[in-house]
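Q: pasting a predicted model and its sequence here:
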Amino acid sequence: MQLVSVRVITNDVARLAEFYEQVTGRQARRPAPQFAELVGPSCTLAIGSAETMALFSAGAAVPESNRTAIIEFLVDDVDQEYERLADIAAEIVQKPTTMPWGNRSLLFRDPDGNLVNLFTPVTDEARRRVTPTAS
């Protein structure tokens, strides 16, 4: 099994896609007005409109109600990203802070209130956790 995508449901696909384009520096693919996706090297962030939920099961996901998941991005320099993104984040939850597990993390909310974590491993052990090993 392979995790390939995380999908966020929103009432405004264009707004959220534009926000994540600014955060990631990647251009979103928009195959339909109700759907966008930002494809990264390890996973895709998909953004779907609330109306797409009728295709799955009405009410299965409710926009702007997440308080349990964190969308995480590995970055080269979290402090530099903080300086770049401080003005566009809807809310800075935590300025760059070194966590006990060795990551330096920045937490903020996107326009829908979803929690986003940009992190940089700063210890050898943390760097080993994000470096793929040969299998």
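A: That came through, no problem. Values in this document were obtained by computation on a predicted structure and should not be read as measured data.

Q: going forward, measure contacts and count neighbours with C-alpha atoms only.
A: Noted.

Q: OK, contacts around the most centrally placed residue in the chain?
A: Residue closest to the mean C-alpha point of the chain, counted by CA atoms, centre = their mean, is Ile71 at 3.6 Å. By CA atoms under 8 Å, 6 or more residues apart in numbering, the contact list for Ile71 reads 114-117.

Q: helix or strand right after the least confident helix or strand in the chain by mean pLDDT?
A: Ranking every helix and strand in the chain by mean pLDDT, DSSP states H and E puts helix 53-56 at the bottom, with a mean of 73. Sequence-wise, the next helix or strand downstream of helix 53-56 (DSSP states H and E) is strand 70-74.

Q: for that next one, which positions count as buried?
A: For strand 70-74, a neighbour-count test (16 or more other CA atoms under 10 Å) marks 71, 73 as buried.

Q: run the chain-centre distance for that strand.
A: In this view, strand 70-74 has its centroid 5 Å away from the chain centroid, taken as CA atoms, centre = their mean, to the nearest Å.

Q: Glu91 pairs with what?
A: Bridge pairing for Glu91 (DSSP bridges) gives the partners Arg109.

Q: my read is that Glu21 contacts Ala28, right?
A: Yes - between Glu21 and Ala28 there is a contact at 6.5 Å, judged by CA atoms under 8 Å.

Q: settle it for me: which of the two has more neighbours?
A: When Glu21 and Ala28 are compared on other CA atoms under 10 Å, the one with more neighbours turns out to be Ala28, at 20 against 15.

Q: so what's the more buried one up against?
A: Residues near Ala28 by CA under 8 Å, 6+ apart: 17-18, 21, 36-39.
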